[in-house]
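Chemist: Compute the structure for the input listed below.
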Amino acid sequence: MQIIGFLIVLFLVARMNFRHLLLEGFSEPFGQNGVRDLRIGNHLHDVIARKLFREILVESPRHGQDVDLPRGRLRECAQSKDHGQDKAFHYNHSLQVSKGNSITAVIPVHNRADLLRDLLRTVRAQSIAFEEVIVIDNGSSDSAPQLARAEGCTVIEMGENAGFARAVNRGWRAATTEWVAILNSDVGLDDRWTERLLAGAGAAAFATGLILDAAGHRTGTKRIDGSYDLVSRGACAWRAGHGEPAEGASVPVPIAVAPATACIFRRDVLARLNGFDEQFGSYLEDVDLGLRCLREGLTGVFVPDAVAWHHGSATLGRWNPRVVRLISRNQLMLVARHYDRALFWSCIWPILTGQVLWGLVAMRHGAAAAWVAGKWDAIRNFRLEAPASPRLREFLAASEREIRTRARDPYWKWYFRLTGAAH
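Modeler: Numbering: from 1, shown residues only. Down below sits the predicted model:
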């Protein structure tokens, strides 16, 4: 079986005594020319090992991924190395431009009627009005669906918590406009959010804006919750700019992955790709969709003056065991869906490193069992499915360059240290 070696290694790593590994296992992380030289045995470097243990397991990490998961940006011609030669990473906006700018808001909700009320207030205040607001109720036990009806929204009842992907798919399929705005129920929108995204999108397949942390937005201390998503070779995503001061970005730039927290998509693009993959349920389904767009040559735009704010994991909580289990599973689902065999084996060490480090962060938050359960959920049905994609290779390389430049939390510092790149 093509992945049997990976399954065995991941299973063994997941069952290791992590404390023993961290306190006794790391020596000389870098060899000549920055190549990883990891040694496990008697020649130990306790300072490095103890520092990793302290930063990942003891100190509260500011892990960039908003588990639902610098000033440089992915640029249109980001340079990557391919067999020693410079190779440009080009984005493609090859879609026909329509004169229409009609747009429907699609809002999945599961409880928290208070946050939904706040969002709908900002939806009504848009300088370019939504033609329709569709609220998809994922089995709420509070007054959220009743509130949506009272506010004049179209309400689709799922009858259960069917997951983000399935709910959004029901919503955009009910829309008839050129554009669909996908909005978490715990966001708020600047009055010109829709106007600026539609103006900035141009011929792109999708667009997103600057997403601020809601707490800082209220107090005037503006910090970035997210913008666009980047993905490491280890299949862990980082929301670009998370935790940074909200300053610096001023012009639209091309992107590969838009967070489904608050974004707009052309409806015909969603129809062409059959929307979100419902097997993901919730979390990283937006990364999967972005990678499928990338494979098709469809990319988006980050419009920094289209501002929203986000409360973040308001329904279940950031380190809820259910959230951790879904993310843990879906990280490996990204590998299975998008990595061809050659890419998989060339990234085997970053994959193992990224996944185990993320498990240590989960352990720090008391969610180790959920992490293991999620990995087991993925491993049971793991099969590499994708054909080779030069675009994906280039995107992963460009993503890691930007993450390495911008991310400051211990997770990413140790990921790059152990995979052979100085942070």
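
Chemist: could you pull out the strands for this protein?
Modeler: Applying DSSP state E to the chain gives strands spanning 78-82, 85-89, 103-109, 132-137, 154-157, 179-183, 187-189, 206-213, 224-226, 229-231, 237-239, 253-255, 262-266, 300-310.

Chemist: okay if I get those strands as TSV plus mean neighbour count?
Modeler: C-beta here means a position set from N, CA and C on the backbone, and glycine is covered the same way. Supplementary listing: the strands of the chain in TSV, determined by neighbours: other C-beta atoms under 10 Å:
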stretch	mean neighbour count
strand 78-82	14
strand 85-89	13
strand 103-109	26
strand 132-137	24
strand 154-157	16
strand 179-183	27
strand 187-189	24
strand 206-213	27
strand 224-226	25
strand 229-231	26
strand 237-239	25
strand 253-255	21
strand 262-266	27
strand 300-310	24
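
Chemist: Between these, which one is closest to residue 364.
Modeler: Closest of the strands of the chain to residue 364 is strand 237-239, at 17.8 Å (criterion: C-beta to C-beta).

Chemist: what's the burial count for residue 387?
Modeler: Neighbours of residue 387 under the rule other C-beta atoms under 10 Å: 7.

Chemist: isn't it right up against residue 340?
Modeler: Yes. Counting by C-beta atoms under 8 Å, residue 387 does reach residue 340; the two are 5.9 Å apart.

Chemist: one step back: mind putting the strands of the chain in CSV, mean pLDDT and distance to residue 280 included?
Modeler: Formatted as CSV, the strands of the chain follow (pLDDT from 0 to 100; distance: least, C-beta to C-beta, whole Å):
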stretch, mean pLDDT, distance to residue 280
strand 78-82, 35, 27
strand 85-89, 37, 25
strand 103-109, 98, 14
strand 132-137, 98, 16
strand 154-157, 98, 20
strand 179-183, 98, 14
strand 187-189, 97, 20
strand 206-213, 96, 17
strand 224-226, 91, 18
strand 229-231, 97, 14
strand 237-239, 95, 12
strand 253-255, 94, 20
strand 262-266, 98, 16
strand 300-310, 95, 19
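
Chemist: And the ones you listed: which comes nearest residue 359?
Modeler: For the strands of the chain, proximity to residue 359 was assessed by C-beta to C-beta; strand 237-239 is nearest, at 15.6 Å.

Chemist: Can you name every helix or strand that the closest one contacts?
Modeler: Packing partners of strand 237-239 (3 or more C-beta pairs under 8 Å, 6 or more residues apart in numbering; DSSP states H and E): strand 229-231.

Chemist: Centre of the chain to the strand it packs on, how far?
Modeler: Relative to its parent chain, strand 229-231 has a centroid offset of 6 Å by C-alpha atoms, centre = their mean, to the nearest Å.

Chemist: Parallel or antiparallel, list what pairs with that strand.
Modeler: Here strand 229-231 is paired, per DSSP bridges, with strand 237-239 (antiparallel).

Chemist: picking that back up, quick one, which of the strands of the chain is nearest to residue 163?
Modeler: Nearest to residue 163, of the strands of the chain and by C-beta to C-beta, is strand 103-109 at 8.7 Å.

Chemist: Nice, that's everything, thank you.
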